[in-house]
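Any chance you can model this:
(one chain, ligands or ions: 1)
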Amino acid sequence: MELMELLKTRRTYRRFDQSRPVPADVVEDIVRSAQYASSAANGQPLSYCVVQTPDMVEAVYEQVRWAAALPREQGWPKDGEHPVLFVAVLTDAKRSGGMTPCDAGLAISNMTLAAWNKGVGSCIMGAINRPEIMQILGINPEEKELHTVIAFGYPTHKSTIREIAKGEPVKYYLDENRDYVVPKYRLEDVVEYR
Ligand SMILES: Cc1cc2nc3c(=O)[nH]c(=O)nc-3n(C[C@H](O)[C@H](O)[C@H](O)COP(=O)(O)O)c2cc1C
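The predicted structure is shown next:
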């Protein structure tokens, strides 16, 4: 896909074909893309935990919250629509401040784009039960902190951007086909040229 089209269509996806695993070569692309991300002073404070066995994926699934803007029956994946893969983004507990959140954002962006380039949709997730997920994954909280998890799978819905003016509601919603519509501020309201 052409880059701008990839960026435009790499939206948040929250319903997936749970019967379709993400192939190993795509998982490899996802983690490789994180390695390719820039890092402040090239410090590389991030590490990753790939969660791919169905039992582990379901255990993590129980500890995340979907679509705060929507009622649960609309925003949460139903049985058969769950993600099939999570990547946990971890920071070094001794250097989780400073520029580390920026590093994490860059790595997350690369991973979601690398996945979408192969047709795999994603949802970046910050509303998560961190202590519980750390325990499920067997990660020592003295060594690492959990920044986010990213859910992956082949989406079963579409998501499109709708341009809005500053001041209009930013809440995403489902249209009559249960596809997501994501309002984004139009450029003339957020970009200045000098
Ligand atoms: C840092 C971050 C945390 C997020 N956390 C969640 C989350 O916990 N649950 C969820 O369903 N979506 C989550 N999202 C997805 C946002 O709701 C989504 O990005 C936003 O609605 C815009 O949609 P778009 O990604 O298609 O542009 C998160 C996104 C980001 C960037």
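
For the residue lying closest to K144 once chain neighbours are set aside, which three-state class applies?
The shortest distance from K144 to any non-neighbouring residue, by CB to CB, 6 or more residues apart in numbering, is to L90 (4.4 Å). Every C-beta, even on glycine, is put in place using the N, C-alpha and C of the backbone. Following DSSP: H, G, I helix; E, B strand; the rest coil, we place L90 in the strand state.

ok, what's across the strand from L90?
S47, L146 (DSSP bridges).

so what pLDDT did it get?
What the model reports as pLDDT for L90 is 98.

the strands in this structure, which residues?
46-51, 85-92, 121-125, 144-153, 159-164, 173-174, 180-185 (DSSP state E).

Columns mean neighbour count and distance to P77 on top of those, output as CSV?
Formatted as CSV, the strands of the chain follow (neighbours: other CB atoms under 10 Å; distance: least, CB to CB, whole Å):
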stretch, mean neighbour count, distance to P77
strand 46-51, 19, 16
strand 85-92, 23, 13
strand 121-125, 23, 9
strand 144-153, 23, 9
strand 159-164, 14, 14
strand 173-174, 15, 13
strand 180-185, 16, 13
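
Could you list which residues are in contact with the residue most central in space within the chain?
Centroid-nearest residue in the chain, with CA atoms, centre = their mean: I124, separated by 2.2 Å. Residues near I124 by CB atoms under 8 Å, 6 or more residues apart in numbering: 12, 108, 112, 148, 150.

For the chain, what lies in contact range of the ligand?
Contact residues (CB under 6 Å from any ligand atom) of the chain with the ligand: 11-12, 14, 65-67, 123-127, 159, 172, 182.

same thing but 5 Å
Proximity of the chain to the ligand, by CB under 5 Å from any ligand atom, involves residues 11-12, 66-67, 124-127, 172, 182.

In this structure, where's the longest helix?
Under DSSP state H, the helix in the chain containing the largest number of residues is helix 100-116.

which among the contacts of I124 gets closest to P71?
Proximity of these to P71 (CB to CB) peaks at T12, which lies at 16.9 Å.
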